[in-house]
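J.: Any chance you could fold what I've pasted below:
(chains A, B, C and D)
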2 protein chains.
Amino acid sequence: MKACLNKTTIIEMAAKIADERGIANVTLKVLAAELGVKSPSLYKHFNGGLDELNKELMLYGWHTLESKITKAAIGKAKDDAIMAICYAYRNFAAGHKGLFEAMQWYNMYQSEEHLQATQGMISVFFQVLDSYELNEEQKVHIVRMFRGFLQGFSSIESHGGYGNPLSINDSFDFALKTILNGIHDLQGGMENETNFERCQPV
Amino acid sequence: MKACLNKTTIIEMAAKIADERGIANVTLKVLAAELGVKSPSLYKHFNGGLDELNKELMLYGWHTLESKITKAAIGKAKDDAIMAICYAYRNFAAGHKGLFEAMQWYNMYQSEEHLQATQGMISVFFQVLDSYELNEEQKVHIVRMFRGFLQGFSSIESHGGYGNPLSINDSFDFALKTILNGIHDLQGGMENETNFERCQPV
DNA sequence: TATAATAGCTAATGTGATTAGCTAAAAAGA
DNA sequence: TCTTTTTAGCTAATCACATTAGCTATTATA
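T.: You can find the predicted model right below:
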């Protein structure tokens, strides 16, 4: 066979198209053309068609992000580690607008797979938070807070939603430091024991 | 004419469909059927077809949210007002999953109109922040922080992205209080003058 | 009342996803 | 090596939905 395609090649091309030409161009037609193939051929690799492809693209994005975040946290601790993780997240979103958008397509795919996809990122957060004096419940709250903030902020920024001339970078930095300040206020004054069992998803 | 449709009726039906049957069902076909009309008829009201309709739906959503938020803040000040606004936002997102999702479709529509759509919400935030001892620059940062957090948190929650059994409500409350704590740390220690001119978008 | 505007309709077109069924290359087994 | 099976690609056909063109009857207006 000529093209020698496989899932990985196809997904990587889909990610490239999403980032370079916008997510609206992630169609079987464009994708096939870009790969030098006719669109029905893609069904040999993705039985579920476009839906399955989008799902795989989402998973690919989360896995990529996870690895960026993991690397960013290496050799850092506490606030430094948190800052590094958050910047890695935001940089990823800014550098992969299309892919990042594909990653938000939870709705189409039953949450189970998505929960697993985000698991890696969540684990990194937990590892860093383990060095704070926080109970398990607080850690879950904090991870949820960061997930929310990072996704929303990056998404708005990506879409040009922050119209003010004030530096977005400064805002991001300010927000992270404000949140970290808020977290510091929790420390010390809290008992660290809880009967709450940490579960994988957050 | 029989149906007596107009933009408002159509948009309201689109919002209803989005919320009840998911945003994927906001198609001219479904919408027309729901309105007792054939799909080409909708072009008499939306020259720009589905694209224009989606844009109007987005604007409708932001205007609705703005009014909810405005009402929520009435008679409240400082942290109470912020909390009320944030809860109003989250409740809106939870009660209008489809519409809320339509509101995020920045990308398709040039940002100008979207910037204006979010303006109302932003103004409410600023009004509340005016009673804090913060300079204009800090206020912009803070509004951006809340916008990011609210959008991300609500979006993840809506899509079932928080898989942990721990109460999401508690997490939301925790996050708001943590952020507010962080903001309190800023107060007093900051000079309030700046040459920064507040611009409408944030 | 006569005219113009318009909201609806049907029929036709276009684009992209998907399915069915064919074919030749590659792989596997004798 | 030769035969058989698998499979990745293809073409042709179908389907779904958006969109366009052009018709018609109702409403509004002079």
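J.: Please save the CA atoms from the helix or strand harbouring residue A:141 in CSV.
T.: Assessed by DSSP states H and E, residue A:141 sits inside helix A:136-158. Extracted as CSV, the C-alpha positions of helix A:136-158 are listed here (Å, rounded to 0.1, in the frame of the first residue of the first chain):
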residue,chain,number,x,y,z
GLU,A,136,-6.9,15.7,51.0
GLU,A,137,-10.1,17.5,50.6
GLN,A,138,-8.5,20.9,50.3
LYS,A,139,-6.2,19.5,47.7
VAL,A,140,-9.1,18.4,45.6
HIS,A,141,-10.6,21.8,45.9
ILE,A,142,-7.4,23.4,44.9
VAL,A,143,-6.8,21.2,41.9
ARG,A,144,-10.4,21.9,40.8
MET,A,145,-9.8,25.6,41.2
PHE,A,146,-6.6,25.6,39.1
ARG,A,147,-8.2,23.4,36.4
GLY,A,148,-11.1,25.8,36.1
PHE,A,149,-8.9,28.9,36.1
LEU,A,150,-6.4,27.6,33.6
GLN,A,151,-9.0,26.3,31.2
GLY,A,152,-11.1,29.4,31.3
PHE,A,153,-8.3,31.9,31.2
SER,A,154,-6.5,30.1,28.4
SER,A,155,-9.6,29.7,26.4
ILE,A,156,-10.6,33.4,26.7
GLU,A,157,-7.1,34.5,25.9
SER,A,158,-6.9,32.1,22.8
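J.: what's that helix packed up against?
T.: helix A:78-95, helix A:97-103, helix A:111-129, helix A:168-184, helix B:136-158, helix B:168-186 (3 or more Cβ pairs under 8 Å, 6 or more residues apart in numbering or on different chains; DSSP states H and E). C-beta coordinates here come from the backbone N, C-alpha and C atoms, glycine included.
J.: Can I get the ones you listed in JSON lines including mean neighbour count?
T.: JSON lines is the format used below for the helices and strands packed on helix A:136-158 (neighbours: other Cβ atoms under 10 Å in any protein chain shown):
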{"stretch": "helix A:78-95", "mean neighbour count": "18"}
{"stretch": "helix A:97-103", "mean neighbour count": "23"}
{"stretch": "helix A:111-129", "mean neighbour count": "18"}
{"stretch": "helix A:168-184", "mean neighbour count": "19"}
{"stretch": "helix B:136-158", "mean neighbour count": "23"}
{"stretch": "helix B:168-186", "mean neighbour count": "19"}
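J.: Among these, show the one with the smallest mean pLDDT.
T.: Of all the helices and strands packed on helix A:136-158, the minimum mean pLDDT falls on helix A:111-129 (a mean of 91).
J.: Identify the residues contacting it?
T.: For helix A:111-129, the surrounding residues in contact (Cβ atoms under 8 Å, 6 or more residues apart in numbering or on different chains) are A:55, A:58-59, A:62-63, A:65-67, A:69-70, A:73, A:77-78, A:81-82, A:85, A:89, A:106, A:139, A:142-143, A:146-147, A:198, A:200-202, B:159-161, B:163.
J.: overlap between the residues you listed and the residues near DNA strand D?
T.: Filtering those for proximity to DNA strand D by Cβ under 7 Å from any atom of the strand leaves nothing.
J.: what's residue A:39 in contact with, if anything?
T.: Residue A:39 makes contact with A:28, A:29, A:31, A:32, according to Cβ under 8 Å, 6+ apart.
J.: filter these to the buried ones?
T.: A:28, A:31, A:32 (16 or more other Cβ atoms under 10 Å in any protein chain shown).
J.: So what does residue A:76 look like in phi/psi?
T.: As for residue A:76, its main-chain torsions (degrees, to the nearest 10) stand at phi -120, psi 160.
J.: cool, and residue A:104?
T.: Backbone dihedrals for residue A:104, given as degrees, to the nearest 10, come out at phi -90, psi 0.
J.: give me the number of residues near it?
T.: 21 (other Cβ atoms under 10 Å in any protein chain shown).
J.: my guess is it contacts residue A:150, does it?
T.: No: between residue A:104 and residue A:150 there is no contact under Cβ atoms under 8 Å: 11.9 Å.
J.: and the longest helix seen in chain A, is it in reach of DNA strand C?
T.: The residue-count maximum for a helix in chain A (DSSP state H) belongs to helix A:49-73. Yes: using Cβ under 7 Å from any atom of the strand, we find that helix A:49-73 touches DNA strand C at A:49, A:50, A:51.
J.: Between helix A:111-129 and that helix, find me the angle.
T.: Here the directions of helix A:49-73 and helix A:111-129 differ by 0 degrees (axes from the mean of the first three to the mean of the last three Cα atoms, to 10 degrees).
J.: Show me which positions of helix A:49-73 end up buried.
T.: Under the neighbour-count criterion of 16+ other Cβ under 10 Å, helix A:49-73 has A:52-62, A:65-66, A:68-70, A:72-73 buried.
J.: now swap in stretch A:17-24 and tell me
T.: A:17, A:18, A:19, A:23.
J.: Near DNA strand D, which residues of chain A are found?
T.: So chain A meets DNA strand D at A:1-5, A:32, A:36-38, A:40-41, A:44-45 (Cβ under 7 Å from any atom of the strand).
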